[in-house]
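> sequence plus predicted model, see below.
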Amino acid sequence: MNFKVGDKVKVIAGSSKGKEGKITKILKAENKVIVEGANIVKKHKKGNGQETGGILEVSAPIHASNVMMIDPKTKKPTRIGHTLNKDNKKVRIAKKSSEVLD
C-alpha cells in the first residue's frame with residue numbers, strides 16, 4: 001500500500017465521495033484506511049464506571065482503492081509513483097506534478 005499516516009487524501013467512491021481528510025490509521029492486512037471526517041458511522045457504546053455510554057460517531061475504514069492522494073502542488077487527486085532521489089533512496093512522487101510526497 002502506498003499510503004502513510006498523515007497523508008491528505010480524497011474519497012473517490014462510496015457514500016463519502018468528494019470528502020477530503022487526513023489518514024489517521026492504516027489497516028494493512030485488510031487493505032483499508034481510516035480517513036478523518038469520512039465514512040462516519042454511529043456506534044453504540046455501553047457505559048462503565050468511568051465513562052458514560054451513548055451513541056458515538058466514528059470514522060469507519062474505507063478500502064484503499066476508494067481514496068486518492070492529494071497533489072501538494074495542484075491540490076487535485078493524483079496517483080502515486082516511486083522513483084530514486086539523488087541519494088539512491090526510493091521516494092514517493094505525485095504522478096501529475098512529479099512532486100516528492102515524503
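Done, it's in.

> next secondary structure after the longest strand seen in the chain?
Longest strand of the chain, by residue count under DSSP state E: strand 20-27. Sequence-wise, the next helix or strand downstream of strand 20-27 (DSSP states H and E) is strand 32-35.

> so how many other residues sit close to residue 70?
Here the count is done by other CB atoms under 10 Å, and residue 70 has 20 residues near it. Every C-beta, even on glycine, is put in place using the N, C-alpha and C of the backbone.

> what are the bridge partners for it, then?
Here residue 70 sits in beta bridges with residue 77, as judged by DSSP bridges.

> how much space between it and residue 94?
Relative to residue 94, residue 70 is positioned 9 Å away (CB to CB, to the nearest Å).

> now residue 43
From residue 43 to residue 94 the distance is 35 Å (CB to CB).

> which one's more surrounded, these two?
Legend: neighbour count by other CB under 10 Å for residue 43 and residue 94, higher for residue 94 (21 against 10).

> do I have it right that the more buried one meets residue 69?
Yes - the criterion here is CB atoms under 8 Å, and residue 94 meets it with residue 69 at 6.8 Å.

> overlap in contacts, these two.
78-80, 101 (CB atoms under 8 Å, 6 or more residues apart in numbering).
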